[in-house]
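Visitor: give me a model of this one.
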Amino acid sequence: MSLQNIGIVYRKELREALRDRRTLISSLLVPLVLFPLLTAGLGAAISVLMGQAKEEIYKVMIIGGEDSPRLVDDLRQLKTIQIMPLAQTWKDQIVDKTIRAAIEIPVGFESDLSAEKSVTLKIYDYEGDLKSSLASGLIKEHLEGYREGVVKASLYLKNISPETLKPFEVEKQNVAPPEKVGGAAFGGVIGYMVILLCLTGCMYPAMDLTAGEKERGTMETILSSPISRTHLVLGKFFLVLTTSLVTAALSVTSMGVSFWVLERFHAFDKMGSDAAQLQLSIGLKQVLSIFIMVLPLAVLFSAGVMTVSLFAKSYKEAQSYITPLMFVVIIPAVSAMLPIDLTAKLALVPILNASLLCKELVVNTYHWNYIAIIFFSTCVYAAAALFLAVKMFQREDVLFRS
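Guide: So this is what the prediction gives:
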């Protein structure tokens, strides 16, 4: 095997790739911009929107309550809601977001309370809508406070201490440090984004160097050169691998820098108490660990995308072939966001194993037995994909499909 010939093909393809705007955007611009936007920009935007939603005065309706004036008056004193006149279309108005919730007070509510009968108040909302959920949550919290007041008054009349209902308290205490909590929350997202960018980084150059060559009619010219097809395909492959690795390296570096900046300027504290508990610090050790584990995955993606694109007759056709492949990658990668723990069996599942491992590496957890299984199994998958790519490049019926 001639490394000189492979290097000649590689340098030639590299010069052309650097002139390709799509390759530069997908390999350089996207990973550098995406993580800062997701961490700082999106986090701050969500914090602001949540703050605005919590400060909003929500419109609600009361169904019934004519014979329960004390409860109705108590609800009207709640400053976070505005009681609207009852309309027969209250359900439609909740769905249309004209009002956010409705409270149904059963007939004889206050008299049943006096008689110590169990009654049920119903709160209607739009499940899945944030503002409707916040409104119903505020109403529920207020009604629970009203219920406690009724219970305390009843116990007082019977000379019973309210503490009888609460003989002890239950307190939940978090023992994990903030960076571990943040890693558990963000780890799956980080693994997913690194894997997705690693794939997108190699897509455009792989399609351009295979289907694009066919479409431009330059494939025959390249094949007529005195360089063997094995050297040609390896030269092209190393260029595709370079773009994938550059994208992965930039994405991991951008990710680390983004979280470092947020921690440095105490941005999590400014986003509120919930965000402050999700602090995440990604150091050089985590960055290098994630990048090393992504290496065989980048080889797998580069060889796989090249093989699939080689069957296409045009760049557009290659895109239609790659689209299903993206779903094959996205589904296992996004599965790491679910509460799934890394096991020996899952360590053999391609893409999913790398995504789960990234989640572990972010929080500085190193299961060396799983790391070895994942690294070597992914290397085997990558070698098989590269072998298939070389074999496909030897077939005339694939190279000159009509």
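
Visitor: the biggest strand by length in the chain: what's the following helix or strand?
Guide: Scanning the chain for the longest strand, with DSSP state E as the assignment, gives strand 58-64. Moving toward the C-terminus from strand 58-64, the next helix or strand (DSSP states H and E) is helix 69-76.

Visitor: pLDDT below threshold where in the stretch 151-300 of the chain?
Guide: Residue ranges of the stretch 151-300 of the chain with pLDDT under 70: 176-187, 259-283.

Visitor: helices along that one, start to end?
Guide: With DSSP state H, counting those that start in this stretch as the criterion, the stretch 151-300 of the chain has helices at 178-209, 211-216, 219-223, 229-264, 267-270, 273-276, 284-310.

Visitor: give me the buried positions along the second one.
Guide: So that's helix 211-216. 211-215 (16 or more other CB atoms under 10 Å). C-beta here means a position set from N, CA and C on the backbone, and glycine is covered the same way.

Visitor: quick one: contacts of it?
Guide: Residues outside helix 211-216 that contact it (CB atoms under 8 Å, 6 or more residues apart in numbering): 219, 222, 309-310, 312-315, 317-318, 399, 401.

Visitor: picking up where we left off before, would you list the buried residues of helix 211-216 in CSV and tack on distance to residue 323?
Guide: Formatted as CSV, those follow (distance: CB to CB, whole Å):
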residue, distance to residue 323
211, 14
212, 17
213, 21
214, 19
215, 18
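
Visitor: specify the residue ranges that define each domain of the chain.
Guide: 3-44+179-399, 55-165 (automatic domain parsing).

Visitor: span of the first one from start to end?
Guide: The stretch domain 3-44+179-399 measures 23 Å between its terminal residues, going by CA to CA, to the nearest Å.

Visitor: what about the closest residue to residue 98 other than its chain neighbours, how many neighbours?
Guide: Take residue 98 and drop its neighbours on the chain: the residue closest to it by CB to CB, 6 or more residues apart in numbering is residue 59, 7.2 Å away. For residue 59, the neighbour count with other CB atoms under 10 Å is 17.

Visitor: cool, and residue 158?
Guide: 6.

Visitor: ditto for residue 202
Guide: When neighbours are defined as other CB under 10 Å, residue 202 has 32 of them.

Visitor: same deal with the one 3 residues further on?
Guide: By the measure other CB under 10 Å, the count of residues near residue 205 is 30.

Visitor: try residue 325
Guide: Using other CB under 10 Å, residue 325 has 16 other residues around it.

Visitor: before we move on, the earlier item: show me which of the buried residues of helix 211-216 is closest to residue 63.
Guide: Closest approach between the buried residues of helix 211-216 and residue 63, by CB to CB: residue 211, at 62.6 Å.

Visitor: so how far is residue 357 from that closest one?
Guide: According to CB to CB, to the nearest Å, residue 211 stands 33 Å off from residue 357.

Visitor: now do the helix or strand hosting residue 139 against helix 69-76, angle only.
Guide: Per DSSP H and E: residue 139 is located in helix 130-157. Taking axes from the mean of the first three to the mean of the last three CA atoms, to 10 degrees, one finds that helix 130-157 is oriented at 140 degrees with respect to helix 69-76.

Visitor: just checking, what packs against helix 130-157?
Guide: helix 42-55, strand 58-64, helix 69-76, strand 81-84, strand 101-105, strand 122-125 (3 or more CB pairs under 8 Å, 6 or more residues apart in numbering; DSSP states H and E).

Visitor: CA atoms of the fifth one as CSV?
Guide: Listed in CSV are the C-alpha atoms of strand 101-105, where the atom choice follows Å, rounded to 0.1, in the frame of the first residue of the first chain:
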residue,chain,number,x,y,z
ALA,A,101,-58.1,26.7,33.7
ALA,A,102,-61.5,26.3,35.3
ILE,A,103,-62.6,25.3,38.8
GLU,A,104,-65.7,23.3,39.5
ILE,A,105,-67.2,23.7,43.0
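
Visitor: who does it touch, helix- and strand-wise?
Guide: Looks like strand 101-105 contacts strand 58-64, helix 69-76, helix 90-95, strand 122-125, helix 130-157 (3+ CB pairs under 8 Å, 6+ apart).

Visitor: contacts for it, please.
Guide: With contact meaning CB under 8 Å, 6+ apart, strand 101-105 is reached by 58, 60-65, 68, 71-72, 75, 90-91, 94, 121-125, 132, 135-136, 139, 143.

Visitor: any of the residues you listed buried? List them.
Guide: Buried subset of the contacts of strand 101-105 (neighbour count, 16+ other CB under 10 Å): 58, 60-62, 64-65, 68, 71-72, 75, 90, 94, 121, 124-125, 132, 135-136, 139, 143.

Visitor: out of the contacts of helix 211-216, which comes closest to residue 16?
Guide: Proximity of those to residue 16 (CB to CB) peaks at residue 222, which lies at 11.5 Å.

Visitor: the closest one and residue 231 touch, don't they?
Guide: No - contact criterion CB atoms under 8 Å: residue 222 and residue 231 do not qualify, at 11.1 Å.

Visitor: those two - which one has more neighbours?
Guide: residue 231 (20 against 17).

Visitor: what's the local residue count around residue 88?
Guide: 7.

Visitor: wait, I meant residue 24
Guide: 15.

Visitor: got it, and residue 324?
Guide: Residue 324 has 9 neighbours, counted by other CB under 10 Å.

Visitor: now the helix or strand where it lies: how far from the chain's centre is it?
Guide: Using DSSP H and E, residue 324 maps to helix 315-334. Mean C-alpha position of helix 315-334 versus that of the full chain (CA atoms, centre = their mean, to the nearest Å) differs by 18 Å.

Visitor: okay, buried residues for it please.
Guide: Here helix 315-334 shows 315, 317-318, 321-322, 325, 329, 332-334 as buried, counting by 16+ other CB under 10 Å.

Visitor: quick one: contacts of that helix?
Guide: For helix 315-334, contacts defined as CB under 8 Å, 6+ apart pick out 188, 191-192, 195-196, 199, 203, 207-208, 210-212, 215, 301, 304-305, 308-309, 311-312, 349-352, 355.

Visitor: run the angle between the helix or strand following it and helix 284-310 for me.
Guide: Counting by DSSP H and E, the element after helix 315-334 in chain order, helix or strand, is helix 352-362. Interaxial angle, helix 352-362 versus helix 284-310 (the same axes, to 10 degrees): 160 degrees.
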